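Asker: turn this into a model:
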Amino acid sequence: MEVILTAKGVKELEARLVELKTVKRAEVTEKIKVARSFGDLSENAEYDAAKDEQAMIEGEILEIEQKLKHAKIIDETQTAGVVHLGSKIKLYDVAYDESIEYTLVGTSEADPRKHLISNESPMGKALLGKKAGETVDVACPAGVTKVKILEVE
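Answerer: Next comes the predicted model:
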């Protein structure tokens, strides 16, 4: 299972992994230690909560390690002016009469609130390979919308 990431995405995942392994593991280990000191573990809500948190941290660590193990770092310096993974794209949405900027990333880095859209999203698929000046039809759940590509970086 290949995971497409930008170099920035890899650095962010590596930083999160270090935080989880060093800071968060130590914090939850301390919480478990304190909760054990309260006595009977069968009726100890603090202990149960700490163990649940520990399981979540370990799960996230495994997930990040797998992503990094199977990461394909994309070349963000591909053909200038053509939309590709890593491109920063300025669009004009015809229906809403507004401009918006997106960065096209792999699915594991996508975060629409930060304007990071996946190459597998309807918008990402429609934009891939297009150039500044082109108008593109994007199939969305609400129907088809038109966007004009103003700039590609």
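Asker: quick check: longest strand of the protein.
Answerer: strand 143-152 (DSSP state E).
Asker: note down every partner strand of it and its orientation.
Answerer: Next to strand 143-152 in the sheet, as set by DSSP bridges, lie strand 88-93 (antiparallel), strand 135-140 (antiparallel).
Asker: who are the contact partners of the closest residue to E153 other than its chain neighbours?
Answerer: Leaving aside its sequence neighbours, E153 sits nearest to K88 (Cβ to Cβ, 6 or more residues apart in numbering; 4.2 Å). Placement of C-beta: from N, CA and C, glycine included. Shown in contact with K88 (Cβ atoms under 8 Å, 6 or more residues apart in numbering): E101, Y102, T103, E151, V152, E153.
Asker: one more time with 10 Å
Answerer: E76, E101, Y102, T103, L104, H115, E151, V152, E153 (Cβ atoms under 10 Å, 6 or more residues apart in numbering).
Asker: which of those has the most neighbours?
Answerer: L104 (26 neighbours; other Cβ atoms under 10 Å).
Asker: which SSE is that residue in?
Answerer: Using DSSP states H and E, L104 sits in strand 98-105.
Asker: list of residues touching the helix or strand that that strand is followed by?
Answerer: As assigned by DSSP H and E, the chain's next helix or strand after strand 98-105 is strand 116-118. Residues from elsewhere that reach strand 116-118, judged by Cβ under 10 Å, 6+ apart: 4, 6, 9, 85, 89, 102-112, 123-125, 127.
Asker: ok so K8 is a helix residue?
Answerer: Yes. The assignment for K8 by DSSP: H, G, I helix; E, B strand; the rest coil puts it in a helix.
Asker: can you list the buried residues in the helix ranked longest in the chain?
Answerer: Ranked by residue count, the top helix of the chain under DSSP state H comes out as helix 45-69. Within helix 45-69, the residues that qualify as buried are Y47, A50, K51, Q54, I57, I61, I64, K67, counting by 16 or more other Cβ atoms under 10 Å.
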